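*Asks:* What follows is a predicted structure for the sequence shown.
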Amino acid sequence: MTSRREVILGLTTPVGMGYIPTGFAFGVLACQAGLSPMLVIAMSIFIFAGALQFAAVPLLTSASDLGTVALSTLLINLRHILYAVPLLDYFPTARVCRAYVVAVLTDENYSVLTTIPEEARRDLATAVSLVNHSYWVGGTVLGVLLGTHVSHWIPNLDFALPALFTILAVEQYMARRRWVPAVVGIGAYFVAKVMLPNYALIVSLGIALAILLTRSVALPSAFDGTVARGSDGNN
């Protein structure tokens, strides 16, 4: 019988393979930009938002005003609100654990948590989130300590995060067998890229959300059937 530790490692290892090199890249980039090592590590501990952390480097080094930083943070992390809604019933009941899981609900944590069977999700949510967070912080620390010495030996570090998203997207499909969200998401991104390329991410999220919500209201039975088939195939 598979132990709890083995289950958690199996769920988080793909994330670690992306988080450690990407956190390393962030540590190198942020330090090279002039941010203090302690600040860089603190950002990974207390902010823990990959895309936002990378975007924050030029904002902090250029002394951008508070309004610009706040708006950028809102636009980049708005999607996390959407992630939390379908998981609210599966978060830990303990207040500290619940608050922590919500605070560290990144794209990758959301993807992993939604592949866990619903009956086990609440029990594993804190541990999975903590392990994934540790991968990111560990990668950042390595980047701060070793980045200037070994960064030229490890090319294409910036490709680690796209590769991780690809792996998680495949796992999402294998777990639920739902192809419609993927098609809608890809289509929405291309439309947003043409319409408003500077805001492609947030616009594509809005378009995809509107389409999926409309479809769920118009065709609720289609969504129920898809979920049921995905659940059967996952057991």
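*Replies:* Yep, it's here.
*Asks:* Report the distance from stretch 186-205 to the chain centre.
*Replies:* Stretch 186-205 sits 18 Å away from the centroid of its parent chain (CA atoms, centre = their mean, to the nearest Å).
*Asks:* what's the average pLDDT for it?
*Replies:* Here stretch 186-205 scores 80 as its mean pLDDT.
*Asks:* per the record, what domains does the protein have?
*Replies:* 4-176, 177-235 (automatic domain parsing).
*Asks:* top helix in this protein by residue count?
*Replies:* Across the chain, the helix with the greatest residue count (assigned by DSSP state H) is helix 118-150.
*Asks:* Dump the domains of the chain to TSV, plus mean neighbour count.
*Replies:* In short, each C-beta sits where N, CA and C put it, glycine included. As requested, the domains of the chain are exported to TSV (neighbours: other CB atoms under 10 Å):
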stretch	mean neighbour count
domain 4-176	17
domain 177-235	14
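*Asks:* Which of those has the lowest mean pLDDT?
*Replies:* Confidence, taken as mean pLDDT, is least for domain 177-235 of these (a mean of 68).
*Asks:* Can you tell me the centre-most residue of the protein?
*Replies:* Asp107 (1.8 Å; CA atoms, centre = their mean).
*Asks:* what's the distance between that residue and Asn77?
*Replies:* 10 Å (CB to CB, to the nearest Å).
*Asks:* can you give me the strands in this structure?
*Replies:* Under the criterion DSSP state E, the chain carries no strands.
*Asks:* Tyr100 against Ala125, yeah?
*Replies:* No. Using CB atoms under 8 Å, Tyr100 makes no contact with Ala125, being 9.3 Å away.
*Asks:* All the helices of the chain, in order from the start?
*Replies:* Assigned by DSSP H, the helices in the chain fall at 4-32, 37-46, 50-61, 66-77, 79-84, 95-103, 107-115, 118-150, 160-176, 180-195, 200-218, 220-234.
*Asks:* and the residue nearest to Tyr110 when sequence neighbours are not counted, what is it in contact with?
*Replies:* Excluding its sequence neighbours, the residue lying closest to Tyr110 (CB to CB, 6 or more residues apart in numbering) is Tyr83, at 4.3 Å. Tyr83 makes contact with Leu105, Asp107, Tyr110, according to CB atoms under 8 Å, 6 or more residues apart in numbering.
*Asks:* Between those, which sits nearest Ile186?
*Replies:* Asp107 (15.6 Å; CB to CB).
*Asks:* That closest one and Met43: what is the separation?
*Replies:* Relative to Met43, and taking CB to CB, Asp107 is found at 17 Å.
*Asks:* How about Ala51?
*Replies:* 13 Å.
*Asks:* same question, Tyr83
*Replies:* From Tyr83 to Met43 the distance is 21 Å (CB to CB).
*Asks:* same thing with Thr166?
*Replies:* For Thr166 relative to Met43 (CB to CB), the value is 26 Å.
*Asks:* same thing with Trp136?
*Replies:* Distance from Trp136 to Met43, by CB to CB: 10 Å.
*Asks:* Just give the closest residue to Gly16, not the sequence neighbours.
*Replies:* Distance criterion CB to CB, 6+ apart; nearest residue to Gly16, sequence neighbours excluded, is Tyr135 at 4.1 Å.
*Asks:* Report the backbone C-alpha coordinates of stretch 122-139 in CSV.
*Replies:* What follows is stretch 122-139, C-alpha atoms only, in CSV (Å, rounded to 0.1, in the frame of the first residue of the first chain):
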residue,chain,number,x,y,z
ARG,A,122,-8.5,18.3,2.3
ASP,A,123,-6.1,16.0,4.0
LEU,A,124,-3.3,16.5,1.5
ALA,A,125,-3.7,20.2,0.6
THR,A,126,-1.5,21.6,3.3
ALA,A,127,1.4,19.1,2.9
VAL,A,128,1.3,19.4,-0.9
SER,A,129,1.3,23.2,-0.8
LEU,A,130,4.1,23.3,1.8
VAL,A,131,6.4,20.9,-0.2
ASN,A,132,5.8,22.9,-3.4
HIS,A,133,6.6,26.1,-1.6
SER,A,134,9.7,24.6,-0.2
TYR,A,135,10.9,23.7,-3.7
TRP,A,136,10.5,27.3,-4.8
VAL,A,137,12.3,28.7,-1.8
GLY,A,138,15.0,26.2,-2.1
GLY,A,139,15.6,27.0,-5.7
